[in-house]
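1. Fold the following.
(2 chains)
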Amino acid sequence: MPEQISKESIVVRLAGDSGDGVQLMGSQFIASTALSGDDFSTFPDFPAEIRAPVGTTFGVSAYQMNIGVNPITTAGDTPDILAAFNPAALKVSLPLLKSGALLIVNNDSFTGRNLTKAGYTEDPRETGELDTYQVISVDIGRLNLEAVKPFGLSKSDGGRCKNFWALGLLMWMFDRDLSPIEDWISKKFVNKDIVRDANLAALHAGHAYGETAELSEAIPRFDIATAELPAGEYRGITGAEALSLGLAAAGELADRPVLFCSYPITPASPLLHRLSRFNELGVGTFQAEDEIAAICAAIGASYGGAIGVTSSSGPGIALKTEAIGLAVNAELPLVIVNSQRGGPSTGLPTKTEQSDLYQAVYGRNGDTPIPVIAARSPGDCFFAAIEATRIALRHMTPVMLLSDGYISNAAEPWRIPDMNDIEPIEINAAPEPDDARDSQAMPFERNPETHGRPWITPGMPNLMHRLGGLEKDFVTGNISYDADNHQRMTDMRAAKVASVGKFIPRQTMELGDDEGELLVIGWGSTYGPIFQAVQQARQTNTNVSFAHLRYLHPLPENLGKLIGNFNQLLVPEMNMGQLSTVLRDQLGSDPTPLCKVTGQPYQIAELFEKIRSMLPSAAVSASSPGAKGEWR
Amino acid sequence: MSAVLSAKDFATSQEVRWCPGCGDYAILKVVTKTLAEVGAKPEKTVFISGIGCASRFPYYVETYGFHTIHGRAPAIATGLKLANPDLDIWVVTGDGDGLSIGGNHLLHALRRNVGLKILLFNNEIYGLTKGQYSPTSRPGTRSPSSPSGSIDAPLSAGQFAFGSGAKFFARAIDTDKAGLGEVLKEAHAFDGASFTEIFQNCIVYNEDVFADFTDRKSAAETQLCLQHGEPMLFGADKEKGIHFNPDTFSLDIVDAVADPGKVLQHDVANKVVAQLLVELTAPVALGIIYKSPADSFEKSWYRAHKNGLKRTGSVSDALHSTNTWTVI
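-> Numbering: from 1, shown residues only, chains lettered A, B, ... in the order given. This next block holds a predicted model:
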């Protein structure tokens, strides 16, 4: 029998050509992992090209997953297992591995031609380059073709099944039940019997290979400890799924339809795809002709009484900017989702970054403030979407919700919330028509606490009024170029956004005390690695705390005081220090920025090193919780 | 509310701020009159505009109104129409707003056939920004930004409409109350995107640019007023007719008295002839040039969205409608 290795958590990276089906293989493995009760976090890492030239390093698509005992909040710094489908995938992934890692390579892809395309002059399997790893060479291509031969597929069609062959082997290594994947294949290829049967055969052949192959002595099996997650019903969820469900939930909580108007852009498009299937949840979608039309249609929808939502990534948000100003001026609710990616310009479409914070907080003509909030993790997108909608409807304002490419595509296990536990969303109801009053002025009778105006929409009798982008009179809403009125209106718009601060929770600590030596502040998707790094640091020095911001504009009202309770402030971000600037600007704080814009999420180790260097007693030993020790 | 409304009931208290003598006044008058005549309900009627002189229009109509941003009115109107397809939505735009900065949105509103009544006030000039040449200006137009004459080839609203797949295209002159009123009624009744080009005189920056065919004295000779099913005749005694020349695939002028059989009969559904009609310059074709009903975008959209925007399922069910597992 092969050895069985027990581990608390393990990091697995699958890498191949962008056409190899690596993303599908990863997500299917995770689906079964979820059902077996492990905590997990994933990181799909793929190129911008749909089908980059076969065999090249820039065409490598990878799926990294960290599974095991909770809390797993990142996809892991360094993989313990790498499955490489071709030499290019090996070349790109090798630098990420620690010595001793297990390498499964697809033997028959190591042809002279593929080696050359990957930039190898010699076969790395023969140069000693892989000596520090445990290498298992498997003829995945050949064995797969043998398995699917009875179905009469062409060589290229048969070859497409190899991800399921490899998945079968992986499932054997982790002792996972094949039935959820069998069900998925049967559903997916319901009208394609041959493809269905071939994929099932490949899956079973890979699984059987682990069990029976002569090599199986060399293939380790893993027994991953089951996570101790809080009790409840769980599902796996990606950020895009959670955000879509959150928007639908916001519609249900406000009892209004949701109209999602968007233009395709990476990495935001999955929201449009998911919401297009949510019609029965009162959601409509409109694929507009461009980014500007998308936000304008969403504004039109809000003007008509639906919850208008638009979504894009940085370049598209830039195009929407003028229209955001219109929604501010017209005092209409609107949710704008930015799934951030690397910039500037087209930048790095498939890589993650947090560099649109300035754009969100400051990026408009005129004094045009809007509330800005951010999601921290895939599951958190659900609650962030509800909160963004709640603010938009309460204050009658556009709200920017920041997500990013990492959160959108990453998956984690998620405790399904009970909708009954979530407060309904109140709207600023339209007044009863009153002939004694001026219908033009009634839409501008604002709530003194929220500055939100009644949501009067076309179709309501006797409340007809004119609205627009020109400055309007505070009381009547008619066009006004009056100097004092413009000051008053500008003050009102600022007060409106500031008033959001009265309704949001006080900032609390994720880890540590409310005072001490070092406070680490994060926002958005850096939550996972910062949490782990601070937790590690606290094992030897409890003088470090961690606060994570949901609300970026306005900031929680107690944040300045909290920051004042610490001697040092560290702000790690996947940008060149944008939250640091905002904290300096809004609170007069003096943060130490930690900046990284490599298109990759933070590793725990790099954050840990920085935290350690800032703490007076530096006697802390580094160890990544995603890779606790070697297995041999 | 069942009282019959008059044109006056559709006027707001706002002082109208176009230049004295602007063609927009005449259009406003005919639009409010038309609203009264078609029995429009003020609360169900919305005017949406972009930016420009024409786009001030919503402030002056006692209905719902939204003066938006430059060029984007069709997009905002599309979102509103999807949110509430029962509304009667008019889009008011100009040659700069609709054919320059907002060309893309107008194109897509037309090809989707969104149920909007789009009025394009064409004065061949940028008025609000003080007189620069516009995308419909004729070559050689002298303006602050083209002191030695503009060099751009002008865009034809009619050709644009057909290129965009418009299902309704009509033309009228600002001061022609009867002709404009007739066109507006048909535009209003059309289920889909109706696109009406109104030749509008800018008295300050482009005065009389259309005078060659709008002058009442010579109108009989210079205007071809189209009526569905009627022969295409013009001239003081309707003695001239439009003839389709099969050798050149173009429209000729023929002697209608001598050769009545050669005169084309106007068929609003004939797209080929309609595309030739919009190219005529002497005479200029006016009235309903093309009309070919098709499913409106909102109709198709609500067909695709089977539940409309009604909630029939629950989010709670959706949250659980995948593989789940329970942790005890």
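2. Which helix or strand in chain A has the lowest average pLDDT?
-> strand A:4-7 (a mean of 78; mean pLDDT, DSSP states H and E).
3. Could you do chain B as well?
-> Scanning chain B with mean pLDDT, DSSP H and E, the lowest is strand B:324-327, at a mean of 84.
4. which other helices and strands contact that one?
-> Counting contacts by 3 or more CB pairs under 8 Å, 6 or more residues apart in numbering or on different chains; DSSP states H and E, strand B:324-327 packs against strand A:232-238. All C-beta atoms are positioned from the backbone trio N, CA, C, and that covers glycine.
5. what's the following helix or strand after the strand it packs on?
-> helix A:239-254 (DSSP states H and E).
6. That following helix versus strand A:232-238: what angle between them?
-> 120 degrees (axes from the mean of the first three to the mean of the last three CA atoms, to 10 degrees).
7. Identify the residues contacting the helix or strand following helix A:239-254?
-> Sequence-wise, the next helix or strand downstream of helix A:239-254 (DSSP H and E) is strand A:258-262. Identification of contacts with strand A:258-262 by CB atoms under 8 Å, 6 or more residues apart in numbering or on different chains yields A:247-248, A:250-251, A:268-269, A:271-272, A:275, A:281-288, A:293-295, A:297-298, A:301, A:306-312, B:79, B:82-83, B:309.
8. Report the separation between B:R17 and chain A.
-> 9 Å (CB to the nearest CB, to the nearest Å).
9. and the nearest residue to that residue once chain neighbours are set aside, how many neighbours does it have?
-> The spatially closest residue to B:R17, leaving aside those adjacent along the chain, is B:R56, at 6.7 Å (CB to CB, 6 or more residues apart in numbering or on different chains). Counted by other CB atoms under 10 Å in any protein chain shown, the residues lying close to B:R56 total 22.
10. Spit out the contact partners of B:R56.
-> B:R17, B:W18, B:D24, B:S49, B:H67.
11. Which of the three states applies to the first one?
-> The one in question is B:R17. Three-state call for B:R17 (DSSP: H, G, I helix; E, B strand; the rest coil): coil.
12. Around chain B, pick out the residues from the stretch 1-150 of chain A.
-> By CB under 8 Å from any CB of the partner chain, the residues of the stretch 1-150 of chain A that approach chain B are A:A31, A:A34, A:L35, A:G37.
13. Sitting in helices, which of those residues do you find?
-> A:A31, A:A34, A:L35 (DSSP state H).
14. Closest one of these to chain B?
-> A:L35 (5.3 Å; CB to the nearest CB).
15. Spell out which parts of the stretch 201-328 of chain B neighbour chain A.
-> Neighbours of chain A within the stretch 201-328 of chain B, by CB under 8 Å from any CB: B:301, B:305-316, B:318-320, B:322-328.
16. Need the residue closest to the centroid of chain B.
-> B:T196 (2.4 Å; CA atoms, centre = their mean).
17. Am I right that that residue sits in a helix?
-> No: per three-state DSSP, B:T196 lies outside any helix segment and is strand.
18. is it in a bridge, and if so with what?
-> Applying DSSP bridges to B:T196 gives these bridge partners: B:L119, B:A170.
19. picking up where we left off before, can I get the residues of the stretch 1-150 of chain A next to chain B in JSON lines with pLDDT?
-> Shown next, in JSON lines, are the residues of the stretch 1-150 of chain A next to chain B (pLDDT from 0 to 100):
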{"residue": "A:A31", "pLDDT": "83"}
{"residue": "A:A34", "pLDDT": "80"}
{"residue": "A:L35", "pLDDT": "79"}
{"residue": "A:G37", "pLDDT": "78"}
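20. Now tabulate those residues in a markdown table and tack on distance to A:E423 and neighbour count.
-> Converted to a markdown table, those look like this (distance: CB to CB, whole Å; neighbours: other CB atoms under 10 Å in any protein chain shown):
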| residue | distance to A:E423 | neighbour count |
| --- | --- | --- |
| A:A31 | 32 | 19 |
| A:A34 | 29 | 25 |
| A:L35 | 32 | 19 |
| A:G37 | 31 | 17 |
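21. my read: A:R341 touches A:G405, true?
-> Yes: checked against CB atoms under 8 Å, the pair A:R341 and A:G405 is within contact range at 4.9 Å.
22. so what's in contact with the two at the same time?
-> A:T266, A:P267, A:S313, A:T350, A:K351, A:T352, A:E353.
23. mind checking which helix or strand the residue in the stretch 101-250 of chain B positioned nearest to chain A is in?
-> Relative to chain A, the nearest point of the stretch 101-250 of chain B is B:H108 (4.0 Å; CB to the nearest CB). B:H108 belongs to helix B:103-112 when assigned by DSSP H and E.
24. So, low pLDDT: which residues of the stretch 101-250 of chain B?
-> For the stretch 101-250 of chain B, applying pLDDT under 70 flags no range at all.
25. ditto for the stretch 151-300 of chain A
-> For the stretch 151-300 of chain A (pLDDT under 70), the answer is A:214-217.
26. In the stretch 251-400 of chain A, which residue sits closest to chain B?
-> For the stretch 251-400 of chain A, CB to the nearest CB, closest residue to chain B: A:G300, 2.7 Å.
27. try the stretch 351-500 of chain A
-> Closest point on the stretch 351-500 of chain A to chain B, by CB to the nearest CB, is A:G468, at 3.1 Å.
28. Relative to A:L570, how far out is the closest residue to that residue other than its chain neighbours?
-> Leaving aside its sequence neighbours, A:G468 sits nearest to B:H67 (CB to CB, 6+ apart; 3.1 Å). According to CB to CB, to the nearest Å, B:H67 stands 48 Å off from A:L570.
29. give the contact list for the closest residue to chain A within chain B.
-> Per CB to the nearest CB, the residue of chain B with the smallest distance to chain A is B:G79, at 2.7 Å. When contacts are counted by CB under 8 Å, 6+ apart, B:G79 touches A:259, A:261, A:286, A:296-304, A:308.
30. do that again at 10 Å, thanks
-> Counting by CB atoms under 10 Å, 6 or more residues apart in numbering or on different chains, B:G79 makes contact with A:259, A:261, A:286, A:288, A:293-304, A:306, A:308, A:310, B:114.
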